[in-house]
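Participant: Got a predicted model here, sequence first, then my questions.
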Amino acid sequence: MLQYILNQRLFSRETLLLVFLTFSAFGVLAQNSYRNELGGRITKTQFEEQILTGPYFGVPGDQEGEMVLVYRMPVGKVENPEIFYEKTGNQEAFSQSKNLIVVYYPGPDECNSNSGDFDANAMKKAAKSLDKWAEKHNAVAPIYVYKNYGGLLAYEEFMNWQADPDGVFEAEFFSYPYPCKSFVVLHPSGEYRAIFGDFPLSQIEVALKKLNRANR
């Protein structure tokens, strides 16, 4: 079964901090090729050092036995931001220059199944904070998107979870099933800030503030 090599600095104390797994289910017993986030070849030592000291994941590459670094805190710009507003029913918010806050759930995994952050009371508190920040920082109500619904029933009373519409968020931001949950905050200009894998909730407000400042 495929699992992750995780950087531990952005994870809460109650979350799994470091996971080393093999890829035996795929017949891969050892990795023999390593690349950085730009595709350049690096050594195994360099690869492991980046994971342990920087905000990176190690994920399988296109070739068998290949591992690639993924930067966990991307900042960028999408070409057609309006599509994300349309797919979530927020066309009016696009014209009003409001941000989108999207929390993305990949489905049950070892991280979110064993994290205190996914306790119902903790999730309810998180939802209230996100509602407050959305109103304060010119954003639509938080959008909760899943790839696999399993494990979300306990939160339906206070979080309106919806399937990723036509897989647009997975295709653009979450192409790999990063553990626990991830988020992206998107401005109508197309600029975005995201964190892949579990994150301190306060980073969503940080992203909102930075995007608003950059788009005054």
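Facilitator: Structure received. None of these values were measured; they are calculated from a predicted model.
Participant: who touches the residue nearest the centre of the chain in this structure?
Facilitator: Geometric centre of the chain, nearest residue: S182, 2.3 Å, by CA atoms, centre = their mean. If you count contacts by CB atoms under 8 Å, 6 or more residues apart in numbering, S182 has them with V103, Y104, P106, F173, F174, A194, I195, F196, G197, F199. Where you see a C-beta, it was placed from the backbone N, CA and C, and this is true even at glycine.
Participant: Would you map the helices across this structure?
Facilitator: Ranges of helices in the chain, per DSSP state H, are 44-53, 82-87, 91-95, 110-113, 120-136, 168-172, 202-214.
Participant: The shortest one - contacts with which helices or strands?
Facilitator: It refers to helix 110-113. Helices and strands touching helix 110-113, as assessed by 3 or more CB pairs under 8 Å, 6 or more residues apart in numbering; DSSP states H and E, are absent.
Participant: got it, and the third one?
Facilitator: Packed against helix 91-95, as judged by 3+ CB pairs under 8 Å, 6+ apart, are the following elements: helix 82-87.
Participant: ok, the residue lying closest to A126 once chain neighbours are set aside to G40 distance?
Facilitator: Using CB to CB, 6 or more residues apart in numbering and skipping the chain neighbours, the partner closest in space to A126 is L201 (5.4 Å). Distance, L201 to G40, by CB to CB, to the nearest Å: 34 Å.
Participant: Do you know the pLDDT at the residue nearest to the centre of the chain?
Facilitator: Predicted confidence (pLDDT) for S182: 97.
Participant: Which positions are bridged to it in the beta structure?
Facilitator: On the basis of DSSP bridges, S182 is bridged to Y104.
Participant: Quick check: closest non-adjacent residue to L211.
Facilitator: Distances taken as CB to CB, 6+ apart place H187 nearest to L211, at 4.6 Å, with adjacent residues excluded.
Participant: show me what contacts that neighbour?
Facilitator: Going by CB under 8 Å, 6+ apart, H187 touches P81, S97, N99, L211, N212, A214, N215.
Participant: Let's have these in a markdown table, adding distance to S113 and pLDDT.
Facilitator: Below are the contacts of H187 laid out as a markdown table (distance: CB to CB, whole Å; pLDDT from 0 to 100):
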| residue | distance to S113 | pLDDT |
| --- | --- | --- |
| P81 | 33 | 98 |
| S97 | 38 | 96 |
| N99 | 30 | 98 |
| L211 | 32 | 98 |
| N212 | 35 | 97 |
| A214 | 36 | 96 |
| N215 | 37 | 96 |
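Participant: And those residues, which of them are buried?
Facilitator: Buried members of the contacts of H187, scored by 16 or more other CB atoms under 10 Å, are P81, N99, L211, N212.
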